[in-house]
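Asker: Build me a model from this:
(chains A, B and C)
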Amino acid sequence: MSEAAAPVRVVEETSAYWRVVFDYPPFNIVDATIFEGLQDLLARMDATPSVRVLVFESANPEFYLSHFDLTGKTGNIMTAVGPSGLPILLDTFVRLTKSPVVSIAKIRGCVRGVSSEFVLACDMRFASRENTLLGQPEVGVGLHPGGGGIERLPLLVGRGRALEIVLGANDFDGDTAERYGYVNRALPDADLDDFVDALARRIASFDRRSIAAAKNLLNQVALPSPERLVEALNSFMTALTWPETQQRVQALIKRGLQRDSDFEKRWPAVLGTLLEM
Amino acid sequence: MSEAAAPVRVVEETSAYWRVVFDYPPFNIVDATIFEGLQDLLARMDATPSVRVLVFESANPEFYLSHFDLTGKTGNIMTAVGPSGLPILLDTFVRLTKSPVVSIAKIRGCVRGVSSEFVLACDMRFASRENTLLGQPEVGVGLHPGGGGIERLPLLVGRGRALEIVLGANDFDGDTAERYGYVNRALPDADLDDFVDALARRIASFDRRSIAAAKNLLNQVALPSPERLVEALNSFMTALTWPETQQRVQALIKRGLQRDSDFEKRWPAVLGTLLEM
Amino acid sequence: MSEAAAPVRVVEETSAYWRVVFDYPPFNIVDATIFEGLQDLLARMDATPSVRVLVFESANPEFYLSHFDLTGKTGNIMTAVGPSGLPILLDTFVRLTKSPVVSIAKIRGCVRGVSSEFVLACDMRFASRENTLLGQPEVGVGLHPGGGGIERLPLLVGRGRALEIVLGANDFDGDTAERYGYVNRALPDADLDDFVDALARRIASFDRRSIAAAKNLLNQVALPSPERLVEALNSFMTALTWPETQQRVQALIKRGLQRDSDFEKRWPAVLGTLLEM
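Answerer: Next comes the predicted model:
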């Protein structure tokens, strides 16, 4: 696959600063292909001592990454293990958090479920004030976050807001996400690119050893344990097998999930009445 | 006692969503009767698999729950143990946090001391922007929070703001409480009922197993240890015996605490000059 | 040295409430002299049972404490140990956090690097809305925070914002610092003195035993471990020896650091292009 057409595309702004563009039509749904792209990226980062900072963005302003594929195209990402010894899904997120390279999520559009867990695994999150819908709607589908969202959110927003995000299964706009600490800050959409670009270039000018030492020390006091992450993923895989869950998943697919662009933008809004129609 | 007149009254909106109304004139003071009502409620929750969400509110818009009874009517709640093996006061709060049922505090009026600790033990807190006075004034009475407030606050608001709340012994209004993360959010009073009702009905429509699994996983990373809670309660009971503390308690009672409605609304304001008059 | 001319000057407002004024021209740079003053203060606090609260402020509205001396005048503060058994730099901060006396930082002006770590070691932080520049610029100098900043920030602002503060190496104004939880609150400059004075006098009226018990209980759940602090300091001392770091330090000094008042106010702004000129 040519670089220009890759679902996870790397644009080397400089040798120290890469933009990573999600471009996987129609909705940037997170399936085995996206994780394959992220695993390739991690290998490339590990092999490139010059790189200091990554900015993750989407080619589609309406969908950053939409959500976990619910039609079965997730391959073996929950069972096969990656270089860290954890299942690929967790391995991807844990290696991103532990990398000496700084990761910044520049968020526009819908970011739900596993996609929220991806941005929570990034080092920083900056969101468009006008154009962000961020959330963990899994409980409304009979599931629960299984890729670290439950473990990372309380450290950012506290137990009360984490429970509201996880149990309410609602979307959060940019301003509310900032107020809760779910993102670092929400910026006017027109300012977002320049703000993140300036921060990335600034960090890219710093010494890699200092960045690595600082991030490593901070990680010692601010990351969930692998044991907790594994327990959540196992519990998620169990929940996938519950008949009530499959009933909710099928109801969503029948309504248009992963097919109808309009429904794909607003589906968490219907979760409170999903089985009534 | 008929349900309609109970100090802790349950209104079953649906089989999955209960409103719990504090109605204990004149000021909803927290004494052994309130804890008895909460213990009965916990037993009823444990025996009712249909229930998914509770909203706790007050029949009196000026007092949510006012504060711990300082005239001796607290029975054996700090010494007798409940089903968890912890003293009733802690047992009540810990069982609420660990229940598979979701608890939401809908706050209007004064919420101080042990009442603040009650809302901190709920899963989420939503407060009236215009009509909330929330605080931990114990240190100004020669005591300190003993029902989990000291252990739960830093996880929500960080050490600095927690120390300000606990050592400053002041009231916090809705907006400041939201800014600090002491409550999930403050809403205009006119919007509070609808917002909380919609959230409760939404959660009530979700599968109990998903809710329970998500809350249980989140609790693993966001609850204080029972040992810390017990140490704080023991320290609180010791402080109750200090002569300086009794002097402050008597000064408050002489000024009108638990008797004078106007004083009951504003008493933390006088704590900085309590012994001067 | 007469009290009136001391770099760390104590003004006893009452026997229970002391103001501590940093007055070390030209820029309140943090060197061995400042730590000597703080060590003397801690000894005096330990010997004075009447004192309940300290407010730390600056005689110079443009510099609260500027930053760690980068010209070698830091004596043995990183190697000689203090009464806690930790190196003087950490001993000072750790004893401040564990003292039964309440510490409040009243912030105006520039507060960077070790100075930020000092205010993070205080119990509370209140900042001038118009006149605060707070940050941890060390990574931009080839170093990283080594005096507890990396360990304390995530507990206040979460991992994402802590990484932005530490890796971005930028200044934060009062409003942003409040929004992030880096300070308790930012107040209009005209209100700052009265607000902090009222809070300090209020706390000073409370019983020392209650204050001490509350602070001690809260510290049990909200302080980093000494082991983590020591590892960060050791890593910082290693980073000081890196040639790339010395190159950045010399570039800053050549530009005017610790010499030119205008540059001293704005130097973090140039860190992203430090080696380009």
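
Asker: Chain A against chain C: which residues are in contact?
Answerer: Proximity of chain A to chain C, by CB under 8 Å from any CB of the partner chain, involves residues A:102, A:122-125, A:152, A:155-157, A:178, A:181, A:183-185, A:198-199, A:201-203, A:205-207, A:209-211, A:213-215, A:217-218, A:220-223. Quick note: C-beta positions are derived from backbone N, CA and C, even for glycine.

Asker: Which members of the residues you listed occur in strands, if any?
Answerer: Of the positions in the residues of chain A next to chain C, A:102, A:124-125, A:185 sit in strands, assigned by DSSP state E.

Asker: Which stretches in the stretch 151-277 of chain A count as helices?
Answerer: With DSSP state H, counting those that start in this stretch as the definition, the stretch 151-277 of chain A shows helices at residue ranges A:174-180, A:189-204, A:208-222, A:226-240, A:243-255, A:261-266.

Asker: Give me the nearest residue to the residue most central in space within chain A, chain neighbours excluded.
Answerer: The centre of chain A sits closest to residue A:118, judged by CA atoms, centre = their mean, with a distance of 2.1 Å. Using CB to CB, 6 or more residues apart in numbering or on different chains and skipping the chain neighbours, the partner closest in space to residue A:118 is residue A:65 (6.2 Å).

Asker: Spit out the contact partners of residue A:180.
Answerer: A:157, A:161, A:165, A:172 (CB atoms under 8 Å, 6 or more residues apart in numbering or on different chains).

Asker: where does residue A:3 land on pLDDT?
Answerer: Note on residue A:3: pLDDT of 60.

Asker: Kindly report the same for the one 3 residues further on.
Answerer: Each residue has a pLDDT score; the one for residue A:6 is 94.

Asker: Please tell me how far it sits from residue A:255.
Answerer: Note on residue A:6: its distance to residue A:255, by CB to CB, to the nearest Å, is 31 Å.

Asker: Report the buried residues of stretch A:58-76.
Answerer: Buried residues in stretch A:58-76, defined by neighbour count with 16 or more other CB atoms under 10 Å in any protein chain shown: A:58, A:60, A:62-70, A:74.

Asker: burial measure for residue A:254, as a count.
Answerer: For residue A:254, the neighbour count with other CB atoms under 10 Å in any protein chain shown is 10.

Asker: Now, of the residues of chain A next to chain C, which are buried?
Answerer: For the residues of chain A next to chain C, a neighbour count by 16+ other CB under 10 Å gives the buried set as A:102, A:122-125, A:152, A:155-157, A:178, A:181, A:183-185, A:199, A:201-203, A:205-207, A:209-211, A:213-215, A:217-218, A:220-223.

Asker: filter those residues down to the ones close to chain B.
Answerer: A:155, A:157, A:181.

Asker: is it true that the last one touches residue C:162?
Answerer: No - because the distance of 11.0 Å does not satisfy CB atoms under 8 Å, residue A:181 is recorded as not touching residue C:162.

Asker: joint contacts of those two?
Answerer: With CB under 8 Å, 6+ apart, residue A:181 and residue C:162 have no common neighbours.

Asker: what about chain A, any weak spots by pLDDT?
Answerer: Scanning chain A for pLDDT under 70 picks out the ranges A:1-4, A:277.

Asker: try 50 this time
Answerer: A:1-2 (pLDDT under 50).

Asker: and the closest residue to residue A:91 other than its chain neighbours, what is it in contact with?
Answerer: In space, and not counting its chain neighbours, residue A:91 is closest to residue A:82: 3.0 Å by CB to CB, 6+ apart. Going by CB under 8 Å, 6+ apart, residue A:82 touches A:39, A:88, A:91-92, A:95.

Asker: what about residue A:146, distance to residue C:38?
Answerer: 48 Å.

Asker: ignore the last one, residue A:26
Answerer: Applying CB to CB, the value for residue A:26 to residue C:38 is 61 Å.

Asker: Settle it for me: which of the two has more neighbours?
Answerer: Between residue A:26 and residue C:38, counted using other CB under 10 Å, the more crowded position is residue C:38 (25 against 13).

Asker: Which strands and helices lie in contact with the strand or helix carrying the more buried one?
Answerer: Residue C:38 belongs to helix C:32-46 when assigned by DSSP states H and E. Counting by 3 or more CB pairs under 8 Å, 6 or more residues apart in numbering or on different chains; DSSP states H and E, the packing neighbours recorded for helix C:32-46 are strand C:8-12, helix C:88-98.

Asker: The ones you listed: which one's closest to residue B:233?
Answerer: Taking CB to CB as the criterion, residue B:233 comes closest to helix C:88-98 out of the helices and strands packed on helix C:32-46, the separation being 22.2 Å.

Asker: What residues of that closest one count as buried?
Answerer: Quick answer for helix C:88-98 (16+ other CB under 10 Å): C:88-97.

Asker: Using JSON lines, please lay out the helices of the stretch 151-277 of chain A together with distance to residue C:259.
Answerer: Output for the helices of the stretch 151-277 of chain A, formatted as JSON lines (distance: least, CB to CB, whole Å):
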{"stretch": "helix A:174-180", "distance to residue C:259": "39"}
{"stretch": "helix A:189-204", "distance to residue C:259": "24"}
{"stretch": "helix A:208-222", "distance to residue C:259": "24"}
{"stretch": "helix A:226-240", "distance to residue C:259": "49"}
{"stretch": "helix A:243-255", "distance to residue C:259": "65"}
{"stretch": "helix A:261-266", "distance to residue C:259": "57"}
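
Asker: nearest to residue A:18, of those helices?
Answerer: With CB to CB, the closest approach to residue A:18 among the helices of the stretch 151-277 of chain A belongs to helix A:189-204: 9.1 Å.

Asker: Show the secondary-structure elements that the closest one is packed against.
Answerer: Using 3+ CB pairs under 8 Å, 6+ apart: helix A:189-204 touches strand A:17-22, strand A:53-58, strand A:102-112, strand A:124-135, helix C:149-168.

Asker: How far does it sit from its chain's centre?
Answerer: Relative to its chain's centre, helix A:189-204 lies at 19 Å (CA atoms, centre = their mean, to the nearest Å).

Asker: Okay, angle between that helix and helix A:208-222 too, please.
Answerer: 110 degrees (axes from the mean of the first three to the mean of the last three CA atoms, to 10 degrees).

Asker: Other residues contacting helix A:189-204?
Answerer: A:13-14, A:16-17, A:52-53, A:55, A:102, A:104, A:106, A:108, A:126-131, A:187, A:211, C:140, C:164, C:167-170, C:271-272.

Asker: Right, I'll leave it there.
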